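Enquirer: Fold the following, please.
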Amino acid sequence: MSKKPVIKPVIITVKADPGLKLAAQKKADNLGITISQVVQQALRDFLEEENYTFRPSKPETASLVEEARAEYHRGEYKRYNN
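Expert: Below is the predicted model of the structure:
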């Protein structure tokens with residue numbers, strides 16, 4: 001019987017708003033899981049889906065994104081070839 005290789009965890013440092021971290025910590029605690037488990041699952045989901053949904057946190061950013069999407073759908077954009 002072969003032994004599974006021991007995987008040594010790495011530490012990832014993430015900058016987050018203190019209120020966001022605290023709220024996530026409380027929610028994770030209520031679910032009986034750790035923030036590490038939440039982050040690990042988010043990383044797995046990112047790799048599996050090969051996609052990231054951008055959700056702007058500031059209203060002015062959301063407005064600019066919507067404006068850019070509308071321009072794109074109207075064909076008002078340029079393509080650049082490197």
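
Enquirer: Off-centre distance for the worst-scoring helix or strand of the chain on mean pLDDT?
Expert: For the chain, counting by mean pLDDT, DSSP states H and E, helix 59-73 ranks last in confidence among helices and strands (a mean of 89). Centroid displacement of helix 59-73 relative to its chain, using Cα atoms, centre = their mean, to the nearest Å, is 20 Å.

Enquirer: And stretch 31-46, by the same measure?
Expert: The chain centre lies 11 Å from the centre of stretch 31-46; the measure is Cα atoms, centre = their mean.

Enquirer: How about stretch 63-82?
Expert: Centre-to-centre, stretch 63-82 and its host chain are 23 Å apart (Cα atoms, centre = their mean).

Enquirer: For Leu47, list the residues it contacts.
Expert: Residues in contact with Leu47 (Cβ atoms under 8 Å, 6 or more residues apart in numbering): none are found. From N, CA and C alone the C-beta is placed, and that goes for glycine too.

Enquirer: State the helix or strand in which it lies.
Expert: Element membership of Leu47 [criterion: DSSP states H and E] is helix 35-49.

Enquirer: Low-confidence stretches in this protein?
Expert: Across the chain, the stretches falling below the confidence threshold (pLDDT under 70) are 1.

Enquirer: hmm, try it at 90
Expert: When residues are selected by pLDDT under 90, those of the chain lie in 1-9, 14, 49-66, 77-82.

Enquirer: Arg74 and Ala68, how far apart?
Expert: As for Arg74, its distance to Ala68 is 11 Å (criterion: Cβ to Cβ, to the nearest Å).

Enquirer: neighbour-wise, which of these two wins?
Expert: Using other Cβ atoms under 10 Å, the more surrounded residue of Arg74 and Ala68 is Ala68, with 12 against 8.

Enquirer: For Thr61, see how far away that one is.
Expert: 11 Å.

Enquirer: For Ala28, which three-state class applies?
Expert: Reducing the assignment to helix, strand or coil with DSSP: H, G, I helix; E, B strand; the rest coil, the entry for Ala28 is helix.

Enquirer: What count of nearby residues applies to it?
Expert: Neighbour count of Ala28, defined by other Cβ under 10 Å: 16.
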